[in-house]
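Engineer: my questions concern the predicted model and sequence given below.
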Amino acid sequence: MSAKKKIKTGGIWKKIVGNQMFIPVLAILILVIVNLIKDPSFFVVTMGLNNDGFPVLSGSLISILDNGSELAILAIGMTLVTAASGGQDISVGATIAVAGSAMLRVLCGDNPRPTATQAPVILAFLVACLVGMLCGAFNGALVSAFKIQPMVATLILFTAGRSIAAWINNNELPIVPDPKFAWFAGCIPGIPIPTSVFIAAACIVAIMLVLKFTNLGLYTQAVGINENSSRLNGINPTFIKFLSFVILGLCVAVAALIKVSRISTINYSVIAKDIEMDAILAVALGGNALSGGKFNMWASILGAYIIQFLTTTLYRFKVDSEARPAYKAVVVILLVVSSAPVVRNYFSQLTKRFTSAKKEVA
Amino acid sequence: MNEKRILEMRGIDKTFPGVRALQGVDFFLNEGEIHALMGENGAGKSTLIKVLTGVYTKDGGTISLQGTGEVQIHSPQDAQNLGISTVYQEITLCPNLTVAENMYIGRGKGQITNWKQMNTDAEKLLRSLDIPAKATQQLASCSIAVQQMVAIARAVDMECKVLILDEPTSSLDEQEVEKLFGLMRDLKSRGVGIIFVTHFLDQVYEVCDKITVLRDGQLVGEYEIKDLPRVQLVAKMLGKEMDDLSDIKGEGGGYQGKDSGEDVFEAKDLQSDAGIKPFDFHIKKGEVNGFTGLLGSGRSECVRAIFGADRVLKGSVKMHGKPVKIAKPIDAMKCGIAYLPEDRKVDGIVGDLSVRENIILALQVLTGFFKPFSRAKANAFADEYIKKLNIKTASADTPIKSLSGGNQQKVILARWLLMHPDYLILDEPTRGIDVGTKVDIQKLVLELASEGMSVTFISSETDEMLRTCSRLVVMRDRKVVGELSGDDLTQNKIMSTIAGGESKA
Amino acid sequence: MKAENKKSSIFTRVSDTNLLLAITIVIFFLMYIGAILFQGEGFLKPQKFFDILNNNSALIITACGMSLVMITGSIDISVGGVVALVSTCCAVYLDFHEGNIFGSILIAIGVGLLYGLVQGFLVAYLDIQPFIVSLAGMFFARGMSTIVHTAHFNVASDVFNALKNTRINVPGMGSVNRKGIYIPAYVEIGVIVALLLVVILFIVLRWTKLGRSFYAVGGNKQSALMLGINVKRTKFLAHLICGLLAGIAGYVYLLHVGSSSADNAMGMEMNAIASSIIGGTMLTGGVGNIIGTLFGVLSLSTIQNIVSGAGLGDAWWTGITIASMLCLFLVIQSVVMAQKKRALE
């Protein structure tokens, strides 16, 4: 092997390692390999009958796609918020509870055990969207107008959200009587794939279209990188930051629809618990700087599914649900450490020294 | 080794990914000497300084100090302990601490802070250097100039052997510069070696003993000041015999605007919340005019008010004779006004975005949120201006922050030219960039004006303004105090108007 | 230069740290007086005040650590998890491994230090964002504590319970109960530990080089480096101390509740952040004061007491009050700082 060729492969290797998608793709590969070794049946997708007797696809992969929907939707909004404001919204879990609670209030009215829905689902969903966007607007106003750091500003709703959610329904846990309501998360009879997957796909398509046909991406990144400069170039940074939070609010409402639909009711203290952490991790896993600026939407969405992949894998390994975070944390730290610039520089220098030493020997 | 030599840097190498910033550079400093380090932007001055102060680690070469011999400097702390202190162009103090703390933190022995002792020491030092600040004041409540003086006071008090001043004068006014020079001469007489980095040639010839010139990361040579006249210094910095500068000078009284042209822009009684007094202003088609005055006299604030960059409190504005309302930058842009801000780093570049995105940004915003340019169109725009302005970049995809200062400035200029404005405001476009680019920009201004664009040009260097402007608005203490044109456009006249002497506005 | 001295009113001359501290203390006293006026009696009894301390000694300690990392411009949201982990570990050691008190204290300090060590290393030397690091830390601590022991149980160790029930009378304070017997006001051991730590930290932050470097690093990292401060080591130490304090807080927490449970100290990290902010520490770094943090904790629990005393006992009201109080303080801080900035210009 000639030295020239070695250098060339080194260059390609560097390019691959330096790519933003490297870490997420590597993470998926490792997860796939671990599962293949441990239990190849992980990847089997079968056609079975669900409780209602309709044919549905089932298997771990389907459950990843299904359960990862909310996370992927939230990752969209979280990416924009992170890019524009250089901070994260830690209230998404709590605001899901608020939006979900509002939805149930509209659907069930005053009676927690109604015999029929009190309003059409679409109306309830629109109210939830409104509530979600209001929560987003509240956070956005604190961040953009009062210049409070996002983490702190959203701490307010994080603390109060679940309480507000309980207050909306007077601490009752209403149950939606209409079995069709469960279709938003489960399967519509005749279609073997859960609806949540389609909802997530629709959201992803929507945001991709928005990014392609508007300047949202450019504006958001410009504001995140240099607010002063953006303002002098005619962008309104206050509005862009505000907008990113409102968009996240909308994502929260959609996620709330799926979450509530899964059980047709709500548990204020448990619904979407710790999901804010997962959503932020999704953004970070995608290689996006949590300090804002440039972002890659696909990477964030991929990050969301990786986290779900990890959760499902842990579930398959029969890890106690309470202990699962510990394992997740270890994986996260490993990923973040391996993608840290300091560590990468160190290793690239190490390999350089190694190859040059080799050359000298030759 | 010469007995009086206190610092010897030999064969310094430093490589960044893709760039050889320094190649075998030698630098020597004697006791009691003020030594100018000159070179264009990107010549390697800052890199050499940062190697000496331990911010960067050198790849090769040796650094020796008098008494200690060869030393390894790994951090600013090492440098401090070796008696090398530095004052940087940007304020490198902590805004949340008091003045006294900023002077004493990070040095000395012991773990306990004696506030009383520190405050009295600091107060004494501040008074001896005539710095108008209290020791117990929070640093953020001082003006930038005072903060810079505090940084110098800190360096002075460290009883250093080598003092590095990296463009310390760019935020000081003349009086303060004089004070600084007095200080430098004082230190010199005490045997301190001073390395002075600046872009102002006048200052070099006023205080320095020796000049070392760098170009493209290599040493050009070390000269006694008396052996190197200005023209030759510039030639050495640029690496060619340059007539361009004298060319423009040859045009004498600068570009004469078309007097008969219509007013492109007119402002009456304009005032912003940045603390300027209301002012009137107008500019004709194809005219180049400027705001002049000392630093902090309000010249930048005036153009910011025109562009809507600060909150406009009152006043009326006309564009092409029609009244318009300018409350935000976007309003001004819609009227065809472009503004290149004073502080490139803070207000100009969007660091992580590519050169292409930085170029199209303003036009893109003007075009609208829902009409993004296609990739091909954006590339075409970027390529056009990269060629036109001779921007040195690896590609249009390179992040702008990895370009040199002069090239960054050209990108910002390209951003506004792409908008094809009727009225272009350039606030200190030549500050902190190399001589070659300075000349390019001045030429460009005259060229644009001859094509019918109106330009307002602000510069701290009066001769630059005399070369380019046909009319100057003079400011003092945030107020317009006069307007000069035609035969009145001379250094003396400007000075006396600024000073408020016998010459009436 | 000339314009400078002209405008320096008291408002602009006071440092950011002291300004926010003053606001905090004033608001606490107003609130406490309000509580006395509207809910009377109870709040006049010294014991009511000392109970606030008794119930929150662990929070005071974690909030101090939190303030410290916030002053350096960092954050640590793992403290609640660490408190839970430490209290579980110590409880299990005491009851199932026949451990002694000293061993359990060593465990608490050890776990805390280890946490600070790892997180500090990742944040300071590998330059990973503190939010992510401590987020993972929080997950890990919560997960680990359920792995160590899931079920709720009361610590049975005699020595421990003796320590737990030790009451230290406050000289000269007390009240007469219905039967006319004078009952002196008391505090628990945890309060002494907490107040001792507050004093130590206050001294460290005010009078030591290390303490001032925390402020310098938080004010401007780049400048601090140029001023010759070892920024990485300073950050590392801040996280190390925060971890250590979380460990101690874990033990104090166990001393107060006396039981191990998976959801011990739930949400304590958020209460700690809230207390620090109410106490005038800014998340942007460089501004903050330990005394302020102490008052932050006191304010937070006073308002909780007021709310539950007003008959709004439902669980959700606590959340909503803390949140609205946080909101109020953030807006006050934001407005005051903006005003000050404007006054300077």
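Structural biologist: Arrived safely.
Engineer: poorly predicted segments of chain B, please.
Structural biologist: Low-confidence segments of chain B, defined by pLDDT under 70: B:1-3, B:17-19, B:41-42, B:170-171, B:238-261, B:294-296, B:432, B:499-505.
Engineer: and it, what are its domains?
Structural biologist: Listed by automatic domain parsing, the domain ranges of chain B are B:5-244, B:263-499.
Engineer: the strands in chain C, which residues?
Structural biologist: Remark: strands assigned in chain C by DSSP state E are C:153-154, C:167-176, C:182-188, C:259-260.
Engineer: what helices and strands are in contact with the third one?
Structural biologist: This means strand C:182-188. Applying 3 or more Cβ pairs under 8 Å, 6 or more residues apart in numbering or on different chains; DSSP states H and E, one finds that strand C:182-188 makes contact with helix C:46-71, strand C:167-176. C-beta here means a position set from N, CA and C on the backbone, and glycine is covered the same way.
Engineer: may I see those organised as a markdown table, with distance to A:Leu57 added?
Structural biologist: Putting the helices and strands packed on strand C:182-188 into a markdown table (distance: least, Cβ to Cβ, whole Å) gives the following:
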| stretch | distance to A:Leu57 |
| --- | --- |
| helix C:46-71 | 47 |
| strand C:167-176 | 64 |
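Engineer: ok, of the ones you listed, where does mean pLDDT dip lowest?
Structural biologist: Of all the helices and strands packed on strand C:182-188, mean pLDDT reaches its minimum on strand C:167-176 (a mean of 77).
Engineer: distance of B:Pro399 relative to B:Ile349?
Structural biologist: 10 Å (Cβ to Cβ, to the nearest Å).
Engineer: higher neighbour count, those two?
Structural biologist: B:Ile349 (25 against 18; other Cβ atoms under 10 Å in any protein chain shown).
Engineer: residues of the stretch 151-300 of chain B that sit close to chain C?
Structural biologist: Proximity of the stretch 151-300 of chain B to chain C, by Cβ under 8 Å from any Cβ of the partner chain, involves residues B:154, B:176, B:274-275.
Engineer: not counting its neighbours along the chain, what's nearest B:Ser459?
Structural biologist: Once flanking residues are discounted, B:Ser459 sits nearest to B:Met465: 5.2 Å by Cβ to Cβ, 6 or more residues apart in numbering or on different chains.
Engineer: following the helix or strand encompassing that neighbour, which helix or strand comes up?
Structural biologist: Using DSSP states H and E, B:Met465 sits within helix B:462-468. Tracing the chain C-terminally past helix B:462-468 and defining elements by DSSP H and E, one meets strand B:471-476 next.
Engineer: please state the offset of that following strand from the chain centre?
Structural biologist: 20 Å (Cα atoms, centre = their mean, to the nearest Å).
Engineer: swap in stretch B:5-16?
Structural biologist: That offset, for stretch B:5-16, works out to 26 Å (Cα atoms, centre = their mean).
Engineer: buried residues, that stretch. List them.
Structural biologist: The neighbour-count check on stretch B:5-16 (16 or more other Cβ atoms under 10 Å in any protein chain shown) flags B:5-9, B:12-14 as buried.
Engineer: pLDDT weak spots in chain A?
Structural biologist: For chain A, applying pLDDT under 70 flags the ranges A:1-15, A:17-18, A:358-362.
Engineer: alongside chain B, which residues does it contribute?
Structural biologist: Counting by Cβ under 8 Å from any Cβ, chain A sits next to chain B at A:212-216, A:218-219, A:221-222, A:225-226, A:228-236, A:293-294.
Engineer: which among these count as buried?
Structural biologist: Buried subset of the residues of chain A next to chain B (neighbour count, 16+ other Cβ under 10 Å): A:215-216, A:218-219, A:221-222, A:225-226, A:228-236, A:293-294.
Engineer: OK, contacts around A:Leu107?
Structural biologist: For A:Leu107, the contact set (Cβ atoms under 8 Å, 6 or more residues apart in numbering or on different chains) comprises A:117-119, A:121, A:124, A:174, A:176, A:181.
Engineer: from the residues you listed, list the buried ones, please.
Structural biologist: For these, buried by 16+ other Cβ under 10 Å: A:117-118, A:121, A:124, A:174, A:176, A:181.
Engineer: give me the secondary structure label for the nearest residue to A:Ala222 once chain neighbours are set aside.
Structural biologist: What sits nearest to A:Ala222 in space, not counting adjacent residues and going by Cβ to Cβ, 6+ apart, is A:Ser230, at 4.4 Å. Classification of A:Ser230 using DSSP: H, G, I helix; E, B strand; the rest coil returns helix.
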